[in-house]
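Novice: coordinates for the following, if possible.
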Amino acid sequence: MTKIYIEKSVIVGNCLVFQSVIAVVKLNKVDELVVSALEGSEKGLTLKEIVEKTGQTEKKVFKVLRKLFQNELIDSEGHQYRLAKP
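Specialist: Predicted coordinates:
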């Protein structure tokens, strides 16, 4: 199981200030497969492409994408999903 810590940072004057940990997201093996698939793609992947790369069902992948999106770990534009930029 992998834990991802999300920190919020802001710029105050000319200093970068890290506020606090917003969330801890526990990733299971299917979550990690989806994240790994997305790591290799700058332009993003469709649901179908992620299903093909991970070998998981569409339903499982969609649930993972929803979890990652709700925790602000991925962005989506149209039907393309990609890891969120810090």
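Novice: now do the strands in this structure.
Specialist: Taking DSSP state E to define them, one finds strands in the chain at 2-12, 15-27, 74-77, 80-83.
Novice: which of those strands has the lowest mean pLDDT?
Specialist: Least confident of those, judged by mean pLDDT, is strand 2-12 with a mean of 57.
Novice: who touches the helix ranked longest in the chain?
Specialist: Counting by DSSP state H, the longest helix found in the chain is helix 58-70. Helix 58-70 is contacted from outside by 25, 30-31, 34-35, 47-48, 50-51, 54, 56, 74, 76, 81, using Cβ atoms under 8 Å, 6 or more residues apart in numbering. The C-beta positions use only the backbone N, C-alpha and C, and glycine is treated the same way.
Novice: widest-spaced pair of these?
Specialist: Distance extremes for the contacts of helix 58-70: the farthest pair is Val25 and Lys48 at 24.5 Å, using Cβ to Cβ.
Novice: so those two - more neighbours on which side?
Specialist: When neighbours are counted by other Cβ atoms under 10 Å, Val25 and Lys48 differ, and Val25 comes out ahead with 17 against 11.
Novice: wait, that one sits on Leu73?
Specialist: Yes - counting by Cβ atoms under 8 Å, Leu73 is a contact partner of Val25 at 6.6 Å.
Novice: now the longest helix of the chain: buried residues?
Specialist: Val61, Val64, Leu65, Lys67, Leu68 (16 or more other Cβ atoms under 10 Å).
Novice: how near is Asp31 to Val64?
Specialist: Note on Asp31: its distance to Val64, by Cβ to Cβ, to the nearest Å, is 5 Å.
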